[in-house]
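> Provided below for reference: sequence and predicted model.
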Amino acid sequence: MTRLVVEDLHRRFSDRDVLHGVGFEIAAGETVALMGPSGCGKTTLLQIIGLIDRPDAGRVVLGDHEPWSAPSAIRAELRLTWLGFVFQRGNLIDHLSARENVALPAWRAGQSRKAALARADDLLAPLGIRGETPSHVLSIGETQRVAVARALVNRPQLILADEPTGSLDGASARSVLAALLAPGEAAVLLVTHDPDVAARAGRTLHMRDGKLRERA
């Protein structure tokens, strides 16, 4: 089953074309790496797929949903329940504990506090994070592991990860990738500059000057 279809995406900022007719598909359970030089449009592409930034033209289809043609409430619901997003930096809420950061999207999706916290603990334990740890004292690697757990908490159909291992040491990077790439129904689109990380994907898309080419 196809999780993501991108068709002829275009995005322009000021006098610069950032995306030029980008198109590809990702199937359920498939991991696709996205590589390319800084400034070539990778993050813009992820933000459009992640329903953060609107394209100027083209389509994004998430499963049976065409979110950029839908009301904003539908997009908000898809961001919460259908998508998991791991940013370059963890973007945690400092005054919450690690487990509360992970549990928050589950609370918002309607789970009870008890169930959401239990789900958070289940995700954090294999990542070596104590759930009660205040977020502001976490290391960079720990913060990114918590961010991955948060992205997984609502069992998303599509995970978008923007350089999730870029600032991590080897051990932290391995644990983050193990969590992100665990076998399952979710599709994964992984932006990386690291060829060793890209090698973990089933295929790799290469972006340059806002256009894509694919290499198996």
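Structure's in. What do you need? No experiment lies behind these values; they were computed from the predicted model shown.

> How far off centre is stretch 86-95?
Centre-to-centre, stretch 86-95 and its host chain are 12 Å apart (Cα atoms, centre = their mean, to the nearest Å).

> I meant stretch 27-37, not that one.
11 Å.

> Next: stretch 34-44.
Relative to its parent chain, stretch 34-44 has a centroid offset of 15 Å by Cα atoms, centre = their mean.

> could you pull out the strands for this structure?
Listed in chain order, the strands of the chain (DSSP state E) span 2-13, 16-27, 31-35, 57-62, 83-86, 158-162, 187-191, 203-208, 211-215.

> Out of these, the one nearest Leu123 is which?
For the strands of the chain, distance to Leu123 was read as Cβ to Cβ. The smallest value, 11.2 Å, belongs to strand 83-86. C-beta coordinates here come from the backbone N, C-alpha and C atoms, glycine included.

> Let's check: the centremost residue of the chain is which one?
Nearest to the mean C-alpha position of the chain, counting by Cα atoms, centre = their mean, stands Leu160 at 2.1 Å.

> what number of residues lie near Glu7?
A total of 14 residues lie near Glu7 under the criterion other Cβ atoms under 10 Å.

> Skipping its backbone neighbours, what lies nearest it in space?
Leaving aside its sequence neighbours, Glu7 sits nearest to Arg59 (Cβ to Cβ, 6 or more residues apart in numbering; 4.4 Å).

> next one: Ser175
Spatial nearest neighbour of Ser175, excluding adjacent residues (Cβ to Cβ, 6+ apart): Leu127 at 5.7 Å.

> Check Gly58 too.
Sequence neighbours aside, Leu9 is the residue nearest to Gly58 in space, at 3.7 Å (criterion: Cβ to Cβ, 6+ apart).

> so how far is Pro126 from the one you found?
Per Cβ to Cβ, to the nearest Å, Leu9 is found 36 Å from Pro126.

> Likewise for Pro134?
Using Cβ to Cβ, one obtains 21 Å as the distance from Pro134 to Pro126.

> Ok, Cys40 next?
The spacing between Cys40 and Pro126, counted by Cβ to Cβ, is 34 Å.

> Can you pick out the residue with more neighbours from these two?
In this comparison of Cys40 against Pro126, neighbours counted by other Cβ under 10 Å, the higher total goes to Cys40 at 20 against 13.

> pretty sure the more buried one is in contact with Leu205, am I right?
No: the criterion here is Cβ atoms under 8 Å, and Cys40 misses it with Leu205 at 11.3 Å.

> give the contact list for the nearest residue to Asp194 once chain neighbours are set aside.
Excluding its sequence neighbours, the residue lying closest to Asp194 (Cβ to Cβ, 6+ apart) is Thr165, at 6.6 Å. Each residue near Thr165 by Cβ atoms under 8 Å, 6 or more residues apart in numbering is listed here: Gln144, Ser172, Ala173, Val176, Leu177, Thr192, Asp194, Val197.

> Can you tell me the closest non-neighbouring residue to the second one?
The spatial neighbour of Ser172 that comes closest, neighbours along the chain excluded (Cβ to Cβ, 6+ apart), is Gly141 at 3.3 Å.
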